[in-house]
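Trainee: quick one, what's the 3D model for this:
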Amino acid sequence: MVWSGSWVAERLGVELVGDGELRELLGLALRRNPKRAHLLVSNVLGKHVPQRPSVVYGAGVELGRRVRELLGEDGARHAVVLGYAETATGLGHAVADGLGHAPYLHSTRRPVEGVARAGGFEESHSHATSHLLLPEDPDLLAAERGGEAHTTLVLVDDEFSTGNTVLNTIRALHERYPRQRYVIVALVDMRSPADRGRLAEFAEEIGARVDLVARNTGTVRLPEGVLEKGQALVAEQEAAQAAAQPRVGWPGGKPEPLCGVPRPHTRIDLQWPAGVPDGGRHGFTPAHRALLEPALPAMADRIAAALGEHPRKVLVLGFEELMYAPLRLGAALEERTGAEVRYSTTTRSPVLAVDDPGYAIRTRLVFPAHDDPADGPGDRYAYNVAGGGFDAVVLVVDSTADTHALHGPRGLMQQLAPHTAHVLLAVVPSYVPPGASAAEPEPSQALHQSQQSHRPHRSHRQEEPSMLPEPLRGPAFSSYAPDEVGWLLQDLSDAELEAPTEEREEAIQSGGAHYAESLPVEYQPSEEYQDLFKAALDLSAARIARAVGTVTETVLAERGPRPVLVSLARAGTPVGVLMRRWARLRHGVELAHYAVSIVRGRGIDANALRWLAAHHNPADVVFVDGWTGKGAITRELAAAIAEFEESDGTEGFNPEIAVLADPGGCVRTYGTREDFLIPSACLNSTVSGLISRTVLRSDLVGPDDFHGAKFYRELAGSDVSGHFVDTVTDRFGEVAGAVDDEVKELLAADRAPTWEGWAAVERISEEQGIHDVNLVKPGVGETTRVLLRRVPWKILAKRGAGTDLEHIRLLAQQRGVPVEEVDELPYTCVGLIHPKYTRGATGADGRAVDSQ
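Mentor: Residues are numbered from 1 along each chain as shown. As a prediction, the model looks like this:
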């Protein structure tokens with residue numbers, strides 16, 4: 001095999017001399033640094049070179065065991081471990097694990113307001129030198145703490161070269177916290193012969209014992225003038241790479257803005273154990289270790305579940321100082337999956353990339369800092385990720401770093417996307433000691449304005465539950481009266497989220513985006529269509545009123561006298577408003593009503609459930625929707641509730657949905673199972689309180705946020721939301737008797753779901769050659785949505801269907817979509833989305849994809 005230091009060695013005359021394993025352990029690279037041009041690149045550190053996490057963790061643990069042997073069991077119990085940022089934060093933590101009972105602290109370049117500094121020092125050869133020591137326990141580094149002696153301080157760095165950094169640290173700490181013994185730990189001892197004698201002299205100077213434990217020993221022989229030659233070589237290579245204009249992510253490539261909707265990724269809820277710090281920035285004790293260890297397998301299983309069954313090669317990518325948490329997650333994942341798992345982390349350190357097997361850094365990704373660093377904005381780097389052949393990349397950051405800069409057009413999430421099929425994001429809560437406050441990250445100034453919002457994700461304290469806001473209400477949010485519904489959503493009205501229908505369809509079907517990451521351009525009905533809506537409402541108002549009464553009385557009879565209505569925004573919300581009105585007018589009961597978001601493939605808003613559980617008995621919650629199609633949301637809700645209750649430990653939510661119409665036979669609580677026109681399906685926001693569809697996108701919705709939506713105030717002149725519910729409410733009195741009779745029959749009947757609609761959808765999908773049930777939308781309501789929001793292919797209409805399809809025929813005519821009459825259709829109609837859509841796809845007459 002080619003040694004990954006040969007490129008530098010041949011050009012600069014640098015020699016690596018040492019024991020037999022040294023070349024396997026280290027490669028060489030170059031960097032633009034006025035202090036030291038060459039860089040020793042470790043193959044087992046997990047920083048620049050992706051490596052098996054078990055190898056990285058095992059190297060640190062083994063060093064810790066060697067220290068334990070040196071100190072003895074009693075000495076190991078009275079040791080404290082200090083690791084160096086940024087490269088050795090994970091290594092130092094692994095050494096502490098190997099010692100067994102030692103508390104751990106690492107230096108940091110991230111100041112935290114309110115945490116007293118226990119010290120600081122400079123790193124002589126680094127490009128970013130200032131280190132801070134910020135232990136939560138101000139006595140952590142003291143030789144005596146809580147009446148117990150901590151006689152030994154173990155200092156861990158990835159390499160021990162000149163020794164200046166470590167010896168300067170010991171000198172500064174010894175003045176403040178004098179002790180009897182120090183142990184220096186490194187993967188490699190690379191001191192020159194001249195430097196080797198300094199350690200004994202230093203120990204005598206301070207009057208303490210200083211030992212050194214290293215995995216390997218060697219030295220770097222540098223010819224005269226190597227710094228200047230290295231700097232010239234770096235400049236030459238950078239100029240050549242800039243002239244060649246390489247692909248983004250490859251040697252020398254600066255990131256270019258990625259246009260359009262941000263590429264999708266999967267956000268993983270790790271369920272990080274409460275009270276466990278994200279790392280050793282403020283200290284990590286044996287008690288923390290005892291909480292973390294049993295939680296690792298379950299967190300790894302959640303990552304594995306999100307990855308699915310297909311990835312063969314997975315990279316777990318940590319973030320600068322956050323090395324230990326992703327390392328342990330990666331090692332646990334390695335044990336619990338058949339995939340080939342690798343681990344590395346991003347870095348502040350700028351290194352030249354050269355795509356040559358004899359060079360240690362073959363590719364680099366460049367992206368802006370995303371944790372609001374104290375020293376200001378700047379570039380950050382991920383090495384050897386591009387071209388690594390990873391099927392999936394699991395990025396692990398702390399919540400302070402989960403900002404817009406991470407997700408923006410130049411951000412790391414977008415830079416990773418072209419180099420892997422699947423990007424996943426796992427966020428570990430940033431630990432902030434009580435009494436301290438984490439700095440609020442500032443919005444990035446380089447955001448692509450048409451696609452990004454301006455809401456930074458906030459870091460939060462683990463030990464304090466997040467305070468969720470109160471529901472939004474009209475008239476500030478929605479045109480409904482404030483007592484009609486409370487929206488458990490966040491207001492995204494200022495964000496530009498709309499995209500052309502064709503662009504959205506192409507992105508959704510290609511897997512490039514999820515439908516909830518953008519909004520369709522709001523349909524503006526023609527005068528003819530508005531007249532059709534009004535006529536349909538006049539004809540069907542009594543029919544709808546009867547269904548409202550039937551479903552409401554069924555809920556009151558079976559779920560108690562004061563259920564909490566929770567409508568699925570937004571189609572369920574007009575129904576929830578009507579059910580609340582029925583209960584008040586017929587029984588004098590004021591029911592609470594909220595609207596929440598549920599997204600196919602992503603589940604229900606877990607924060608909304610947490611808010612509901614904090615304010616109501618979960619057993620009283622009744623989920624409400626407008627109608628069923630094939631039952632996808634019914635299944636989605638059941639799965640989401642089960643997952644939520646397992647993860648949060650909150651029990652009692654009933655996943656059954658109450659709907660106005662259940663033509664698909666998917667639920668047991670309904671107003672009717674007929675497939676008829678519900679006029680609210682004819683329009684979008686203008687019949688739903690002027691609220692958009694809900695939005696779930698990582699750069700807009702943080703881990704402690706509700707899902708989002710927009711309030712289209714500018715459409716108030718076209719709003720018929722109040723007209724719709726008022727017209728139906730006016731018919732309650734005339735249908736009351738029929739409702740009473742129907743409810744008696746229903747309560748005595750077998751209302752078990754038949755799932756007839758799902759079977760029909762599967763059959764239609766195969767008969768039409770679509771082979772994707774998600775592109776088959778059954779029922780009048782779903783067919784209307786296809787024509788308003790998606791790229792329709794054709795409409796199947798039940799032969800002989802009458803006025804219920806007048807608006808369908810009008811929309812189909814406007815979109816140039818054929819309507820085929822068929823027999824033996826369990827629905828009044830079925831809408832088919834254009835299969836395998838591209839921008840060149842058309843309907844039967846070539847007009848189906850035209851923008852309306």
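
Trainee: got the contact list for residue 79?
Mentor: Residue 79 sits next to 67, 71, 99, 102, 150, 151, 152, 153, 154, 183 when contact means Cβ atoms under 8 Å, 6 or more residues apart in numbering. For glycine as for every other residue, the C-beta is placed from the backbone atoms N, C-alpha and C.

Trainee: which element follows the top helix by length along the chain toward the C-terminus?
Mentor: Assignment by DSSP state H gives helix 527-559 as the longest helix of the chain. Next in sequence after helix 527-559, counting helices and strands by DSSP states H and E, comes strand 564-568.

Trainee: could you dump the helix or strand following that next one to CSV, C-alpha only?
Mentor: Per DSSP H and E, the first helix or strand lying C-terminal to strand 564-568 is helix 572-587. Provided in CSV are the C-alpha atoms of helix 572-587 (Å, rounded to 0.1, in the frame of the first residue of the first chain):
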residue,chain,number,x,y,z
GLY,A,572,-59.6,19.0,9.7
THR,A,573,-59.8,22.5,11.1
PRO,A,574,-63.2,23.6,9.6
VAL,A,575,-64.6,20.3,10.7
GLY,A,576,-63.3,20.9,14.3
VAL,A,577,-64.8,24.4,14.3
LEU,A,578,-68.2,22.9,13.2
MET,A,579,-68.1,20.1,15.8
ARG,A,580,-67.3,22.6,18.5
ARG,A,581,-70.3,24.7,17.4
TRP,A,582,-72.6,21.7,17.4
ALA,A,583,-71.6,20.8,21.0
ARG,A,584,-72.2,24.3,22.1
LEU,A,585,-75.6,24.9,20.4
ARG,A,586,-77.1,21.4,21.1
HIS,A,587,-75.6,20.7,24.5
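
Trainee: mind checking which of the contacts of residue 79 are in strands?
Mentor: Per DSSP state E, strands hold the following members of the contacts of residue 79: 152, 153, 154, 183.

Trainee: quick check, the last one in contact with residue 155.
Mentor: Yes. Between residue 183 and residue 155 there is a contact under Cβ atoms under 8 Å: 7.3 Å.

Trainee: who has more neighbours, those two?
Mentor: Taking other Cβ atoms under 10 Å, residue 183 and residue 155 do not tie; residue 155 has more neighbours (26 against 23).

Trainee: contacts only, for that one.
Mentor: Taking Cβ under 8 Å, 6+ apart, one finds 82, 84, 166, 169, 170, 182, 183, 184, 185 in contact with residue 155.

Trainee: ok now stretch 611-623, how far from the chain's centre?
Mentor: 26 Å (Cα atoms, centre = their mean, to the nearest Å).

Trainee: may I ask you to name the longest strand in this structure?
Mentor: From DSSP E, the single longest strand across the chain is strand 209-221.

Trainee: just checking, what packs against the helix or strand following it?
Mentor: On the C-terminal side of strand 209-221, the closest following helix or strand by DSSP H and E is helix 226-244. Judged by 3 or more Cβ pairs under 8 Å, 6 or more residues apart in numbering; DSSP states H and E, helix 226-244 is in contact with helix 6-12, strand 26-30.

Trainee: only C-alpha atoms, please: export the longest one in CSV.
Mentor: Extracted as CSV, the C-alpha positions of helix 6-12 are listed here (Å, rounded to 0.1, in the frame of the first residue of the first chain):
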residue,chain,number,x,y,z
SER,A,6,4.9,9.9,0.6
TRP,A,7,3.7,12.9,-1.4
VAL,A,8,4.9,15.4,1.2
ALA,A,9,8.1,13.4,2.0
GLU,A,10,9.1,13.2,-1.7
ARG,A,11,8.6,17.0,-2.3
LEU,A,12,9.9,18.4,0.9
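
Trainee: what packs against it?
Mentor: Contact partners of helix 6-12 among helices and strands, from 3+ Cβ pairs under 8 Å, 6+ apart: strand 26-30, helix 226-244.

Trainee: mind listing the helices for the stretch 301-450 of the chain?
Mentor: Remark: helices assigned in the stretch 301-450 of the chain by DSSP state H, counting those that start in this stretch are 324-336, 404-407, 412-416.

Trainee: select from those the stretch with the lowest mean pLDDT.
Mentor: Here the helices of the stretch 301-450 of the chain differ in mean pLDDT, and the lowest is helix 404-407 at a mean of 88.

Trainee: just the C-alphas of it, formatted as PDB.
Mentor: Output of helix 404-407 as PDB, limited to C-alpha atoms (Å, rounded to 0.1, in the frame of the first residue of the first chain):
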ATOM      1  CA  HIS A 404     -29.300  28.500   9.800                       C
ATOM      2  CA  ALA A 405     -25.700  28.600   8.900                       C
ATOM      3  CA  LEU A 406     -25.700  24.800   9.200                       C
ATOM      4  CA  HIS A 407     -28.700  24.500   6.800                       C
END
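
Trainee: buried residues in that helix?
Mentor: Buried residues in helix 404-407, defined by neighbour count with 16 or more other Cβ atoms under 10 Å: 404, 405, 406, 407.

Trainee: including distance to residue 174, could the residues you listed go into TSV?
Mentor: Formatted as TSV, these follow (distance: Cβ to Cβ, whole Å):
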residue	distance to residue 174
404	44
405	40
406	40
407	45
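
Trainee: residues in contact with the residue most central in space within the chain?
Mentor: Central residue of the chain (Cα atoms, centre = their mean): residue 267, 2.7 Å from the mean position. Residues in contact with residue 267 (Cβ under 8 Å, 6+ apart) are 424, 425, 426, 427, 698, 703.

Trainee: filter the residues you listed down to the ones in strands?
Mentor: Assigned to strands by DSSP E, the following of the contacts of residue 267 qualify: 424, 425, 426, 427.

Trainee: how about the residues you listed in CSV, adding pLDDT, neighbour count and distance to residue 287?
Mentor: As requested, the ones in strands among the contacts of residue 267 are exported to CSV (pLDDT from 0 to 100; neighbours: other Cβ atoms under 10 Å; distance: Cβ to Cβ, whole Å):
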residue, pLDDT, neighbour count, distance to residue 287
424, 95, 22, 30
425, 95, 22, 29
426, 95, 22, 24
427, 94, 25, 23
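
Trainee: tell me the one among these nearest to residue 355.
Mentor: Ranked by distance to residue 355 (Cβ to Cβ), these are led by residue 424 at 26.6 Å.

Trainee: who does that closest one bridge with?
Mentor: residue 266, residue 394 (DSSP bridges).

Trainee: and the gap between it and residue 303?
Mentor: According to Cβ to Cβ, to the nearest Å, residue 424 and residue 303 sit 7 Å apart.

Trainee: again with residue 366
Mentor: Taken as Cβ to Cβ, the span from residue 366 to residue 303 is 26 Å.

Trainee: for residue 266, same thing?
Mentor: Using Cβ to Cβ, we find residue 266 at a distance of 10 Å from residue 303.

Trainee: those two: which has the busier surroundings?
Mentor: residue 303 (25 against 19).

Trainee: got the contact list for that one?
Mentor: Listed by Cβ under 8 Å, 6+ apart, the contact partners of residue 303 are 268, 270, 329, 333, 394, 424, 426.

Trainee: how about a cut-off of 10 Å?
Mentor: Shown in contact with residue 303 (Cβ atoms under 10 Å, 6 or more residues apart in numbering): 266, 268, 270, 314, 316, 329-330, 332-333, 336-337, 341, 392, 394, 396, 424, 426.

Trainee: ok, how many other residues are close to the closest residue to residue 223 other than its chain neighbours?
Mentor: For residue 223, ignoring the flanking residues on the chain, the nearest one in space by Cβ to Cβ, 6 or more residues apart in numbering is residue 13 at 4.3 Å. For residue 13, the count of nearby residues is 14 (other Cβ under 10 Å).

Trainee: cool, residue 485 as well?
Mentor: Neighbour tally, residue 485, other Cβ under 10 Å: 28.

Trainee: pretty sure it is touching residue 471, no?
Mentor: Yes. The pair residue 485 and residue 471 passes the contact test of Cβ atoms under 10 Å, sitting 8.2 Å apart.

Trainee: what is in contact with these two at once?
Mentor: 477, 592, 593, 594, 595.
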